[in-house]
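J.: Pasting the sequence and the predicted model now:
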Amino acid sequence: MYTYITTGTYYFLKKLEEQHPDECMLLMQNAETALLWHETKGATVFQSPRKYEVIHSSGQLEKKGFIACNHVPVREEGRPVFEFKFTERMKKVESFPGFTAFRLLRPLSNDTYIVMTMWRDEEAYKDWKQSSSFVESHSKALQSAESTSVFSGPSYVSVFVLEDKKEEDAD
């Protein structure tokens, strides 16, 4: 399974999504940008996307909700350690209230992984970030990172909203 990501204006990406109704696509946006994700076993319809292999997933992608993407640069030699430890850590989030889906994406053309979690809404995501499970799993990750130095640079988080078509049409 692969995920392809492209950027553009919200309306351009919405039109592209509508042209491919049988494809698994997520149109997400925040104050700075809009992204269109295409998850498929085959080729993408995008002309020049960022390419990722889905190496761990749980839950079903939905067309509404809240998404948090942790962008994590990982050294080539650190990839197996990072993938194993992150997959183990994510088991804690899967049973958290409001959790919808998770994807661990291995980059195919750079060093930055994407750890995507999908939530019912922003409130569920904030509840997770304030939970003891979050604090415990992230403190273990920091200890592990300091001892193995698998990271090639600082990580950062970007957040997005997905809008349900039915809700948009009702407005």
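T.: Noted; the coordinates are in hand.
J.: Centroid-nearest residue for this protein?
T.: The residue at the geometric middle of the chain, judged as the C-alpha nearest the mean C-alpha position with CA atoms, centre = their mean, is Met116 (2.1 Å).
J.: what sits against that residue?
T.: Listed by CB atoms under 8 Å, 6 or more residues apart in numbering, the contact partners of Met116 are Ile67, Ala68, Cys69, Asn70, Ala101, Phe102, Arg103, Leu104, Leu105. Where you see a C-beta, it was placed from the backbone N, CA and C, and this is true even at glycine.
J.: Dump the residues you listed to JSON lines, plus distance to Gln29, pLDDT and secondary structure.
T.: Putting those into JSON lines (distance: CB to CB, whole Å; pLDDT from 0 to 100; DSSP: H, G, I helix; E, B strand; the rest coil) gives the following:
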{"residue": "Ile67", "distance to Gln29": "10", "pLDDT": "97", "secondary structure": "strand"}
{"residue": "Ala68", "distance to Gln29": "14", "pLDDT": "95", "secondary structure": "strand"}
{"residue": "Cys69", "distance to Gln29": "13", "pLDDT": "95", "secondary structure": "strand"}
{"residue": "Asn70", "distance to Gln29": "18", "pLDDT": "93", "secondary structure": "strand"}
{"residue": "Ala101", "distance to Gln29": "18", "pLDDT": "94", "secondary structure": "strand"}
{"residue": "Phe102", "distance to Gln29": "21", "pLDDT": "93", "secondary structure": "strand"}
{"residue": "Arg103", "distance to Gln29": "18", "pLDDT": "94", "secondary structure": "strand"}
{"residue": "Leu104", "distance to Gln29": "23", "pLDDT": "94", "secondary structure": "strand"}
{"residue": "Leu105", "distance to Gln29": "19", "pLDDT": "96", "secondary structure": "strand"}
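J.: Which among those count as buried?
T.: Neighbour-count burial (16 or more other CB atoms under 10 Å) applied to these gives Ile67, Ala68, Cys69, Ala101, Phe102, Arg103, Leu104, Leu105.
J.: which residues touch the last one?
T.: Translated: Leu105. Leu105 is in contact with Thr3, Tyr52, Glu53, Val54, Ile55, Tyr113, Ile114, Val115, Met116, counting by CB under 8 Å, 6+ apart.
J.: Check the fifth one too.
T.: Residues near Phe102 by CB under 8 Å, 6+ apart: His56, Ser57, Ser58, Gly59, Met90, Val93, Glu94, Val115, Met116, Thr117, Met118.
J.: Among these, which ones are in helices?
T.: Among the contacts of Phe102, the members falling in helices are Met90 (criterion: DSSP state H).
J.: which one among the contacts of Phe102 gets closest to Val157?
T.: Using CB to CB, Val115 comes nearest to Val157 of the contacts of Phe102, at 9.1 Å.
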